[in-house]
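Participant: here are the coordinates; sequence isn't available:
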């Protein structure tokens with residue numbers, strides 16, 4: 001009899017947990033229907049595995065911290081002089097046909113577009129590290145860095161040594177790294193030496209105890225941002241982590257090909273505020289406004305706006321930016337991204353651009369570091385090609401560059417990939433730029449990618465084997481729950 005009661009208790013407990021998880025899946029206000037259906041199928045078909053998977057991977061909360069509210073508060077209390085009136089778009093040189101794009105950006109993270117910036121596309125990964133080290137060596141008051149991945153390789157050590165030198169001469173230096181992406185660094189002697197030298201360090205979203213992760217949110221919620229701000233006047237934005245282009249953990253896919261823009265002017269203050277918000281989330285410390293005023297020379301006319309996204313900001317915020325850009329294209333739309341796993345609205349927006357006669361080009365790596373992502377990406381090829389999208393697969397390494405150019409005048413560059421992980425799970429940072437000159441430079445870089453890429457045709461896709469098609473479509477079907 002005791003065995004019967006024991007089994008009934010276990011069964012009742014199991015059913016209670018199962019019902020609780022099902023109800024939780026259904027009540028999530030922002031979860032897409034496809035995601036809800038996918039999770040329900042997994043939980044009901046494989047109850048034990050499904051429940052554990054949902055507890056580990058199904059929740060996107062990281063507590064009650066709302067970063068949009070935090071950004072607004074920081075801007076109001078510490079950085080109010082760097083926010084401009086929301087109705088000033090046209091007066092700073094943005095053509096009326098693009099004003100709505102910057103309004104979308106402002107609605108996400110409270111940053112208005114600012115003029116008076118300069119922008120330079122870095123030549124390559126090595127030049128980016130050289131420039132960062134040079135700027136850190138010239139820093140007078142403050143250096144703030146955030147990287148998803150920071151390796152103990154040549155580039156990682158060079159940046160760390162530059163920070164140590166800056167700290168030794170009295171410059172306030174802060175460094176944030178992601179708890180998963182930089183887990184090797186945080187356990188290394190180099191990380192300890194940085195702290196001992198006076199560099200203030202913090203870990204974003206530390207892994208902690210794996211058994212307690214369900215109480216803290218899914219383990220793969222990550223801070224994927226790449227932020228460098230020097231003296232509140234110089235900033236970098238792009239796809240490059242603090243690592244050599246050979247990227248030793250995945251060297252067989254190298255070299256990793258990245259794009260980074262170095263900017264000077266008021267835009268640096270927006271990245272400073274974003275860094276401040278991340279620092280506050282990590283340490284509960286508020287960084288005050290830099291004492292030096294950003295330079296705004298008359299000759300510099302680049303208009304830019306930081307767009308931040310993440311689980312504590314508006315749901316699918318970065319996705320809205322990409323879709324808005326796609327629907328705004330009138331002549332040419334060129335995109336490079338390492339990971340393309342869209343939801344249906346984004347896929348439809350890209351197809352719609354091609355259908356209405358826009359020269360639409362999507363550049364992806366021929367060899368991806370994730371077999372699953374590569375398969376999921378290719379499951380969308382046929383529909384894109386039928387719409388007239390020009391698909392190119394880059395063969396000169398792993399194309400990690402995340403760039404979008406629109407009609408030769410607008411550029412979006414940053415850390416966000418075109419997949420659900422970047423749109424729903426990761427903390428990301430991009431900069432939206434209106435400047436025809438910079439856009440032409442970025443477009444030339446994209447042409448270099450195209451010249452080193454294979455063109456994918458509908459005939460090739462239609463000849464794929466049944467096994468390959470089944471794999472591609474199967475992994476794509478899991479997209480809503482990954």
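Facilitator: Done, it's in. Quick caveat, the model's predicted, so the values are computed rather than measured.

Participant: Now do the contacts for residue 121.
Facilitator: 259-261, 438, 441-442, 445 (C-beta atoms under 8 Å, 6 or more residues apart in numbering). Glycine gets a C-beta too; all of them are placed from N, C-alpha and C.

Participant: Go again with 7 Å.
Facilitator: By C-beta atoms under 7 Å, 6 or more residues apart in numbering, the residues touching residue 121 are 259, 261, 438, 441-442, 445.

Participant: Now, of those, which are buried?
Facilitator: 259, 261, 438, 441-442, 445 (16 or more other C-beta atoms under 10 Å).

Participant: from the residues you listed, which is closest to residue 431?
Facilitator: Within the buried ones among the contacts of residue 121, proximity to residue 431 (C-beta to C-beta) peaks at residue 261, which comes in at 7.0 Å.

Participant: quick one: the closest one and residue 411 touch, right?
Facilitator: No - under the criterion of C-beta atoms under 7 Å, residue 261 makes no contact with residue 411, lying 8.1 Å away.

Participant: Is the residue at minimal distance from the centre of the chain within a helix or a strand, and which one?
Facilitator: Centroid check for the chain by C-alpha atoms, centre = their mean gives residue 416 as the closest residue, at 2.8 Å. For residue 416, there is no helix or strand it lies in under DSSP states H and E.

Participant: how far away is residue 350 from residue 388?
Facilitator: Distance, residue 350 to residue 388, by C-beta to C-beta, to the nearest Å: 10 Å.

Participant: what residues do these two have in common as contacts?
Facilitator: Taking C-beta under 7 Å, 6+ apart as the criterion, residue 350 and residue 388 both touch residue 360.

Participant: Look at these two and report which has more neighbours.
Facilitator: Counted by other C-beta atoms under 10 Å, residue 350 and residue 388 do not tie: residue 350 has more neighbours, with 28 against 15.

Participant: residues of the strand or helix carrying the more buried one that come out buried?
Facilitator: Assigned by DSSP H and E, residue 350 belongs to helix 344-355. Buried residues in helix 344-355, counting neighbours by 16+ other C-beta under 10 Å, are found at 346-354.

Participant: Do I have it right that the residue nearest to the centre of the chain meets residue 422?
Facilitator: Yes - judged on C-beta under 7 Å, residue 416 makes contact with residue 422 at a distance of 4.4 Å.

Participant: what is in contact with these two at once?
Facilitator: In contact with both residue 416 and residue 422: 318, 428, using C-beta under 7 Å, 6+ apart.

Participant: ok so, going back, most widely separated two among the buried ones among the contacts of residue 121?
Facilitator: Farthest apart among the buried ones among the contacts of residue 121 by C-beta to C-beta are 259 and 438. That separation is 11.6 Å.

Participant: Give me the neighbour count for residue 394.
Facilitator: Applying other C-beta under 10 Å, we find 24 residues neighbouring residue 394.

Participant: my guess is it contacts residue 366, does it?
Facilitator: Yes - in this structure, residue 394 is within contact of residue 366 by C-beta under 7 Å, at 6.0 Å.

Participant: now the helices for the stretch 51-200 of the chain?
Facilitator: With DSSP state H, counting those that start in this stretch, the ranges of helices along the stretch 51-200 of the chain come out as 67-77, 99-109, 125-137, 154-168, 183-186, 189-196.

Participant: Tabulate these in a markdown table, adding columns for distance to residue 476 and mean pLDDT.
Facilitator: Shown next, in a markdown table, are the helices of the stretch 51-200 of the chain (distance: least, C-beta to C-beta, whole Å; pLDDT from 0 to 100):
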| stretch | distance to residue 476 | mean pLDDT |
| --- | --- | --- |
| helix 67-77 | 30 | 59 |
| helix 99-109 | 27 | 94 |
| helix 125-137 | 31 | 98 |
| helix 154-168 | 34 | 98 |
| helix 183-186 | 29 | 96 |
| helix 189-196 | 38 | 98 |
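
Participant: Which one, of those helices, ends up nearest to residue 381?
Facilitator: helix 99-109 (27.6 Å).

Participant: Next up, the contacts around residue 137.
Facilitator: For residue 137, the contact set (C-beta under 7 Å, 6+ apart) comprises 162, 165.

Participant: remind me which residues of the stretch 201-350 of the chain are low pLDDT?
Facilitator: Confidence mapping of the stretch 201-350 of the chain against pLDDT under 70 gives the ranges 209-218, 290-299.

Participant: give me that answer again for 90
Facilitator: By pLDDT under 90, the weakly predicted segments of the stretch 201-350 of the chain are 207-221, 286-301, 310-316, 343.

Participant: and the host helix or strand of residue 375, how far out from the chain's middle?
Facilitator: Under the criterion of DSSP H and E, residue 375 resides in helix 371-378. Centre-to-centre, helix 371-378 and its host chain are 19 Å apart (C-alpha atoms, centre = their mean, to the nearest Å).

Participant: now do stretch 273-292
Facilitator: Centre to centre, stretch against its chain (C-alpha atoms, centre = their mean), the figure for stretch 273-292 is 20 Å.

Participant: Quick check: phi and psi on the nearest residue to residue 207 once chain neighbours are set aside?
Facilitator: Leaving aside its sequence neighbours, residue 207 sits nearest to residue 179 (C-beta to C-beta, 6 or more residues apart in numbering; 5.0 Å). Residue 179 adopts backbone torsions of phi -60, psi -30, taken as degrees, to the nearest 10.

Participant: Spit out the contact partners of residue 179.
Facilitator: By C-beta under 7 Å, 6+ apart, the contact list for residue 179 reads 203-207.

Participant: measure residue 350 to residue 188 for me?
Facilitator: 41 Å.

Participant: scratch that, residue 362
Facilitator: 38 Å.
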